[in-house]
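Peer 1: next one to model:
(chains A and B)
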Amino acid sequence: MRGFVNGLIRLRRGPWETVATVLIAAGVVMLMQPFALAAYTWSFAVTLTGTVMFIVVSHFPE
Amino acid sequence: MTDDIISRERAAAPGALRRRIGGLSDRALAWIFIVPTILLLLAINIFPLIWTIRLSLTNYRANRTNAELEWVGLRNYERILTDPDIWNSMQATAHFLVWTLVFQVLIGFSLAYLINKKFKGNDLWTTIIVLPMMLSPAVVGNFWTFLYQPQIGLFNYVVAFVSGVDPSSFSMIGDVRLAPWSIVIVDTWMWTPFVMLICLAGLRSIPDYIYEAAEVDRASRWRQFWTITIPMVLPFLMLAVLFRGIENFKMFDLVVQLTGGGPGSITELTSINLKREAFEKWRTGYSSAYAIILFVTVFGLASIYVKALNKVKER
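Peer 2: Presented below is the predicted three-dimensional model:
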């Protein structure tokens, strides 16, 4: 966990990609879940944030 | 090596061209070859994408090109993301996507595992299994509507024969509970061979000596399956899931032909819904925003998938 946080602080690719991946997955689940309309409403913002973050952080050093 | 090629090209070219090539650096030559492709990509991929983003922020209607274009900001996105009908269509797509992937991976891998064993008529069975994939989705959709007919459909008779229920007592396409499953069955029937072929390629790429080494170490069949077969087929399997996932996310033709999105809108997948908004209601700006939402979702999923695939390959 400490390594993960250190990676985030030092702008390393691995941990940031993990954060972006979690955001994209959460966004897709929110888009397609049948339980809460509010989650559906915010799904695109979450997916877009994750996707843009993924593109940016994939240029970070390993 | 590169110098060799360039000098050979130079020698073969006519006089004027030879002088021109002679004056170009390797980098310049590389650009000359790449630029047409980049221009083509910009023209047919990037420009339409940017144009769609622009349209998604307006109230543009393709059937009223003379009407004044109004800038509506993010209102189209707001309306889509609060619309319960589109939410339902997202759920219909999720149901279709999840179940087709589950069935296609399970059945496709099992078939590949069986076909990979040496037996008589192996090639004939492979050809027979692959046949549905080669048919047109429109044709498949059409003949499955006949198979699903409650009175004359073969599917109902098979179900009746197995379960004992009256064949005309249920309609796969007409019943709101069964219709989502009817499209899952047809897509699974049609595209499982594709997953099977990819898994078969994975299984055939595993060298025999790995299994022989495992035999020497007295590893059981079960252990060989989980520690050799599955890890080595996994990148292939993930590739199959990526292809099928993206294809099924934008599934259109098969479902339109089979159910037309009905009964009601229970099988109206996002692509069908999008087509209705764009080309029946002519809400071009609104449907552009809808298309951008779907694009970002598929792009995000593909990014995760490529990352996972690279990780599996590194192992």
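Peer 1: who's in contact with the helix or strand of chain A with the lowest mean pLDDT?
Peer 2: Ranking every helix and strand in chain A by mean pLDDT, DSSP states H and E puts helix A:2-9 at the bottom, with a mean of 82. Applying CB atoms under 8 Å, 6 or more residues apart in numbering or on different chains, the contact partners of helix A:2-9 are A:12, A:14-16, A:18-19. Quick note: C-beta positions are derived from backbone N, CA and C, even for glycine.
Peer 1: and whatever helix or strand comes next after it, what other elements does it pack with?
Peer 2: Once the chain leaves helix A:2-9, the next helix or strand it forms, by DSSP states H and E, is helix A:13-32. Counting contacts by 3 or more CB pairs under 8 Å, 6 or more residues apart in numbering or on different chains; DSSP states H and E, helix A:13-32 packs against helix A:2-9, helix A:37-57, helix B:84-115, helix B:284-314.
Peer 1: any idea of the angle the first one forms with helix A:13-32?
Peer 2: Read it as helix A:2-9. 90 degrees (axes from the mean of the first three to the mean of the last three CA atoms, to 10 degrees).
Peer 1: okay, now residue 58: neighbour count?
Peer 2: Chain wasn't specified; assuming chain A. 14 (other CB atoms under 10 Å in any protein chain shown).
Peer 1: the intended chain is chain B.
Peer 2: Number of residues near B:Thr58 (other CB under 10 Å) recorded here: 19.
Peer 1: ok, it - contacts?
Peer 2: Per CB under 8 Å, 6+ apart, neighbours of B:Thr58: B:69-72, B:285.
Peer 1: need the contacts of helix A:2-9 in JSON lines with pLDDT and neighbour count, can you?
Peer 2: Converted to JSON lines, those look like this (pLDDT from 0 to 100; neighbours: other CB atoms under 10 Å in any protein chain shown):
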{"residue": "A:Arg12", "pLDDT": "86", "neighbour count": "17"}
{"residue": "A:Gly14", "pLDDT": "84", "neighbour count": "13"}
{"residue": "A:Pro15", "pLDDT": "88", "neighbour count": "19"}
{"residue": "A:Trp16", "pLDDT": "91", "neighbour count": "18"}
{"residue": "A:Thr18", "pLDDT": "89", "neighbour count": "15"}
{"residue": "A:Val19", "pLDDT": "92", "neighbour count": "16"}
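Peer 1: for the most centrally placed residue in chain B, which non-adjacent residue is spatially closest?
Peer 2: Nearest to the geometric centre of chain B sits B:Glu247, at 1.7 Å (CA atoms, centre = their mean). Closest residue in space to B:Glu247, ignoring its immediate chain neighbours: B:Trp191 at 7.7 Å, by CB to CB, 6 or more residues apart in numbering or on different chains.
Peer 1: tell me the contacts of the one you found?
Peer 2: Counting by CB under 8 Å, 6+ apart, B:Trp191 has contacts B:100, B:104, B:132-133, B:244, B:247.
Peer 1: check B:Phe170 too.
Peer 2: B:150, B:156, B:159, B:178.
Peer 1: now, of these, which are buried?
Peer 2: Neighbour-count burial (16 or more other CB atoms under 10 Å in any protein chain shown) applied to the contacts of B:Phe170 gives B:150, B:156, B:178.
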